[in-house]
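K.L.:
This is a predicted model, with the sequence first.
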Amino acid sequence: MALRPVRILFAWLLLGLLSREAASGATSPDKINFSRDILPILSDNCYQCHGPDEPARKAKLRFDTREGAFRVKDGKAVIVPGKSAESELIRRITTTDADDLMPPLKSNRKLTPNQIQTLKRWVEQGAQWSKHWAFDPPQRPELPKIKDKRWAHNGIDAFILTRLEKEKLKPAPEARKETLLRRVTLDLTGLPPTLAEIDAFLADKSPNAYEKAVDRLLASPRYGERMATDWLDIARYADTHGYQMDRYRSMWPYRDWVIKAFNQNLKFDQFITWQLAGDLLPNPTKDQRLATAFNRLHMQNEEGGIVEEEYRVAYVVDRVNTMGTAFLGLTMECCRCHDHKFDPITQREFYSMSAFFQNIDESGQTSYFTGAMPVPTLLLSDNTTDAKLAELDRKIKEKEQQLPGLREQARESFEHWLTTKTNKLEIPGLVGSFAFDEIVSGKVTNAADPGKPATVNENPKLVPGKSGQCAELDGENGFTFPGLGHFTRADPFSLSLWVQTPSHAPRFVIAHHSIAPIDAGSRGYELLLEDGRVAVGLHHMWPGNSLKVISKEPVPTNEWVHVTVTYDGSSRAAGVKIYMNRSLVALEVIRDGLYKDITYEGSEPNLAIGFRMRDNGFKGGRVDDFRIFNRELTSLEVTHVSGRTDFADSWNAAGSNMTKVQREGMLDFYFATIYPPAQQLRDELHKLRQEQSGLINPIPEAMVMKETAQPRPAYILKRGAYDMHGDQISADTPAALPPFPADQPRNRLGLAQWLLSPDYPLTSRVTVNRAWQMMFGKGVVETSDNFGRQGAFPTHPELLDWLARDFVDTGWDMKRLLKLIALSATYRQSSHASPEVLARDPGNELLARGPVRRLTAEMLRDQALAVSGLIVEKIGGPSVKPYQPEGLWEEKAMGAPHYDQGQGDELHRRSLYTFWKRTVPHPAMIAFDASERNVCTVRRQSTSTPLQALVLLNDTQIVEAARRLGERMLKEGGKTLDEQVAWTFRLVTDRRPTARETKVLTQLFVEQRNLFAGDQPATSKFLSVGESRADSALNPADLVAAAVLAEAVLNHDEAVMRR
Amino acid sequence: MNRRDFFRRFALGIGGVALSSLLAKDAFAASAFAANPFKGLLDAPHFAPKAKRIIYLFMSGGPSQVDLFDYKPLLNKMNGQDLPESVRNGQRLTGMSAHQATLPIAGSIFNFAQHGKSGAWVSDLMPWTAKMADELCFIKSLHTEAINHDPAITFFQTGSQLAGRPSMGAWLSYGLGSANQNLPAFVVLISKDRIDQPLYARLWGNGFLPSTHQGVQFRSGKDPVLYLANPNGISGESRRKMLDRMAELHALQFKDLGDPEINSRVAQYELAYRMQTSVPEIMDISKESESVFELYGPEAKNPGSFAANCILARRMAERDVRFIQLYHPGWDHHGNLPNGIRRQCGDVDRASYALITDLKQRGLLDDTLVVWGGEFGRTNYSQGKLTATDYGRDHHPRCFTAWMAGGGVKPGISFGATDDYGYSVVQDPVHVHDLQATILHLMGIDHEKLTYKFQGRYYRLTDVHGQVVRNILA
């Protein structure tokens, strides 16, 4: 959460209230520590105008570097070491002249008297200067010498105890065994221990009983689920895209990978590397590629009409910010618009970092009209499918290789055919032929198939054309061709027409079979003029799943040009040919990565000419003689459809009189349309491709990183605006951090290596700090999201470094780290504190007692499910939809999507599997401070609100669980009521109630039973809450009373808190 | 962290820290601690507030200013002509109309007239609003940066186009707290059956502020606040007895542990219990007089309608709910605008008039600020086909109109002006951040001083921008 650094709080507390007891190092009168005591004051109060942000700097004076702070100008020294009275800094912060006073009144900053004192003392003590602590590599400190040798279990305790001894505080005794087991079980698995586990632990008198328990928990698959829950906050994982429609995205395979990675204890350096750059590892596995989804889980926008580049930039920025928060603990986003105000990162460096993250073939707007996953993607096929695909691939390649060889074989039968062919030249495969000579009742005749005429859209004009009339277009009007041209990527086809363009505009749509360009990811096929050049595309989802070629030369303007496009059904750019005025033209390949189909899965749009939704129609253009073929034309045929007689001449020439060119052209035609072995092979090839497409299409995809061959040009964006390019820059890391390793590639893989180099100051510290936060509720650095100068100073800096070094030196082993923490005497302390200790250290900075925390949103729900026995433990799979108040999606979300509540087991899965819709997240989760999952979050708030009480009292999920718990109480809890309430209380809180508590609990039960005993309607209403059935063998009034009691226990402090 | 931050934190029960012995030594702290858990950061506003509460009538989707308030006869004269490039002057268009072959200027088909002593222009779509023109302050020169709904509405409600910042109501709750012990400071009401563009929970979210400050949506129906109703079969008596026993258990727990967090939780349960009465009470408008229903119009008896929500807004204002946010979606008229806008005006015109009149009659208008407006305006040209009776309009960020009334705002003025094309602001531009600064100002808050430190930076609603629009202050 976003509280101010506790260090400051702590200092204030002690200085302001307890100065008599000033015991903490922060306030000890002897030695000022620059990084701990001075830098935060300077940063918070001065850097806004005298910090790293050069354009914003006043009086060219800076306090973020030694040179700046010790500047002497016009005979005035900012700081004179040892002489506060002569230091301009001290004069300006103490002056009574309002014009001279620093920080200025209008800055809304004010130094406290204590801060002024501290600065003075620092100057008096010689004004020692050092780097911000977090930018220096962690040093492995010596374990401090401690007096009480019996208490410590491991190195952690040495650091904690040294400090306590200095503060003259004693650590708390070890927590009760039950309490400890509940604490560590919740912390490591997110679930409470079972009664059997408690009993076993109590019974185990061996000296390493606790260690065995910790080992058991770390080996439990629940551990991975628990760890994943926190990691998914960092990865901003959700089940929807987040913007506008907020549609479903099926990214749970990433979530399942995270669970698996934690359970298998994938070493954390690998865990980071795979996620940042798994695609760049040599021969990456599917898991390694799937892990890179980490970079793609940001929100994705499909709102119609957005500027695509604006959101592409937003996504790249989000990746950098996430990387910054997750691994550097730095607030990179500050530098999107300007140099960082507090930390040494410039805007240029921000964009140099972002240059690592933008080299993928993506679109800033994802498809509105199709369900395509934002590209690039990974096909999540299983092994069986992979084997089938490999086999198909082999067969297709084999046939593709066979086909050309058949042409020579065809010669003999070709010669025979020449002598027997009919006189009538006919081009097979013509399915549409439109002369645009007249419009009758809004239709244009189809000479090839009178049943399928073209339909006029918005009155295109007919004017004299290439032959007879032609269509003149205005950009919004044109023709559609219902029932024609519904080709898949496996179907060969050809289009031909005469075109006359008025100009070389950036973009003219001539013909297309699609709903829209960007709003549909261009799904379909299209024939365009781009700056006069003829472009042909076949798209599943532009640009990462697309095929597109463009002619190198433009067509002339204001002249009729005949254009033919042929496609062979191969899904490859090489399978597309473009003819201009009968000549094959040279093409540039724009994209060659089509791997899913170009159709709309059943609701196909019409092939159209002249216009397209949200696109530039063929304004001022003319078209004539449009033909559609369901096969790939040969070049001789192309001449024919363009109106020349080459083909007819060849056809009519007697066999012996044919020129070589005519003969070869005729052989092409024969080979393409008649020669039976070739026809058969083509047919087989077509079937195989269809089969392949049919197999691939349903395979789910995951958004992943897939590095483009060439890096995308990168620029500084002035003021962070997507369209204001500044200097071009290349991928690089900030100068204030260690240099980029010379032997590493300048890509994400190199970046990962940079983050993971042994002396790197941040990654290891940030990681162990989060582990500490997970176990203690807050980090050694409380601001686990900010290790910069505005962040909190570590409560135990040496401990942090020792942990970081140990973590790296022992191979980034997360389970080992957590075990180390769990086994420490520090962690095992009772959280019960004497009033004196509470007063001395309300925030528990010193850890003279164990940590107390409220359970997280997930733990509270999972606990209720677990103790009631309702929980369904199954790892992974699609997210599920448990109980949720009715109508929440419908009343807010676009298109009134229905929350389709799950059935059976789906109602009782662990909470990390609850469906996360970003715009309408589950309200019970949000009430308990679950992260919204819109941006990277490394620490949650922990609040207490009346809405939480309402959830825990009235949510169907909890009420049902309470009823089941009540059933268990009556059936398993023992013979007497006292035994039963004690059993229930212990099951939930892990301890036995005191006699007084038992009395209150039994009173509660009796009162409720009396209330319900005569009230059959109320009883049956209550017992039917939730989908699971109440046990009808039990006395209904007893069961209601037991359920209410169970609910009270689930709401008890000791259930809601982990102490 | 200053003292108030500190006590705010612990008053909310964050962190699990025992302060009782400390608090005993500090009278200030003790009083802060004992006070309402909904208390705000500020002990007192930065200066005397003109408004004690806000009713924000958010017209989600972007109402067409050129058909409602910004009268531009030139558009009728030039109807059908292509919008000159010199007028557009590089303004980016959304992808919905950027590729149109032409951008035909579309004059409004609705008739405009001047109303009241102030002579404000209002079209015949809004006869009721026209009647109260002299109560209103029209801001005709609002402008924004976003051109699409999601970023634009997020910008309006949180000061940033990207998700993650606290909403305006959350900021006010954080600053001023709740003036009512039994109700949240920030309540959200959404008109039913009007969603075209979506609404997002983040629009009333707390962002990085403590979640106590998030807006609480009140809904028509049996559970007006999520999870408010007791489970089926559980009577008030059963619940009360259960809570009493829980309180006893917690008293024992507190005696054992001394953790004030325990008492804070008990207080939250009691407040939740009180809300079970106070919320249904406020949501039950059946006891409103017939004259009230007459004033708000026939839809007022239809729960979840804008008119019904306006009555609720007035009831909440009476009970000092700090920020009452209504959303009325359905203004996104890319096509078929005339029919769409007629329906929308039918929903809101009379009810808005009724709300202002009602507040005035009850003496509440003086210290209640009412704001009416959407996230952006609409284009002066037609998106799609322009005919004699039909057209559509795309999103337009450069100018749009909102009105304010009541607490501290000059009544009967029109502020700012656009060019003859209704395309750009030519006088007194008001940026979204300016409007936000002005709203905070009217509530007694200096928008530069209400900050929250998150990840090392002091955030505020207006980011690093915003000027109070002094000329509209009464």
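P.N.:
Ah, there it is.
K.L.:
Quick one: the strands in the stretch 401-550 of chain A, in order.
P.N.:
A:430-434, A:443-444, A:454-457, A:461-464, A:469-472, A:478-481, A:493-500, A:508-513, A:524-530, A:533-541, A:545-554 (DSSP state E, counting those that start in this stretch).
K.L.:
Would you mark the buried spots in stretch B:400-409?
P.N.:
B:F400, B:T401, B:A402, B:W403, B:M404, B:A405, B:G406, B:G407, B:G408, B:V409 (16 or more other Cβ atoms under 10 Å in any protein chain shown). The way it works is simple: take the backbone N, C-alpha and C, and place the C-beta from them, glycine included.
K.L.:
Contact partners for the last one?
P.N.:
With contact taken as Cβ atoms under 8 Å, 6 or more residues apart in numbering or on different chains, B:V409 is in contact with B:K50, B:C137, B:L369, B:L442, B:I472, B:L473, B:A474.
K.L.:
Quick one, which of the strands of the stretch 401-550 of chain A gets closest to A:T94.
P.N.:
Of all the strands of the stretch 401-550 of chain A, strand A:533-541 sits nearest to A:T94, with 64.3 Å by Cβ to Cβ.
K.L.:
Reformat the buried residues of stretch B:400-409 as TSV; add secondary structure, pLDDT and distance to A:Y760.
P.N.:
Formatted as TSV, these follow (DSSP: H, G, I helix; E, B strand; the rest coil; pLDDT from 0 to 100; distance: Cβ to Cβ, whole Å):
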residue	secondary structure	pLDDT	distance to A:Y760
B:F400	strand	98	50
B:T401	strand	98	55
B:A402	strand	98	51
B:W403	strand	98	56
B:M404	strand	98	54
B:A405	strand	98	58
B:G406	strand	96	58
B:G407	coil	92	55
B:G408	coil	94	55
B:V409	strand	97	56
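K.L.:
which one of those residues sits closest to chain A?
P.N.:
Nearest to chain A among those is B:F400, at 16.9 Å by Cβ to the nearest Cβ.
K.L.:
So the closest one sits against B:F138, correct?
P.N.:
No. Applying Cβ atoms under 8 Å, one finds B:F400 not in contact with B:F138, separated by 11.1 Å.
K.L.:
How about the contacts made by the nearest residue to B:L364 once chain neighbours are set aside?
P.N.:
Using Cβ to Cβ, 6 or more residues apart in numbering or on different chains and skipping residues adjacent in sequence, the residue nearest B:L364 is B:A317, 5.5 Å away. Neighbouring residues of B:A317 by Cβ under 8 Å, 6+ apart: B:R53, B:I55, B:I324, B:L359, B:L364, B:T368.
K.L.:
wait, which of those is closest to A:K341?
P.N.:
B:R53 (35.1 Å).
K.L.:
element containing A:A1041, please.
P.N.:
Counting by DSSP states H and E, the element that carries A:A1041 is helix A:1036-1050.
K.L.:
And the residue of the stretch 151-300 of chain B closest to chain A?
P.N.:
B:G233 (2.9 Å).
K.L.:
shouldn't that residue be in contact with A:A1030?
P.N.:
No. At 11.4 Å, B:G233 and A:A1030 do not qualify as touching, with contact defined as Cβ under 8 Å.
K.L.:
Contact partners for B:L189?
P.N.:
Here B:L189 is in contact with B:Q217, B:F218, B:N309, B:L312, B:A313, B:I324, B:Q325, B:L326, B:Y327 (criterion: Cβ under 8 Å, 6+ apart).
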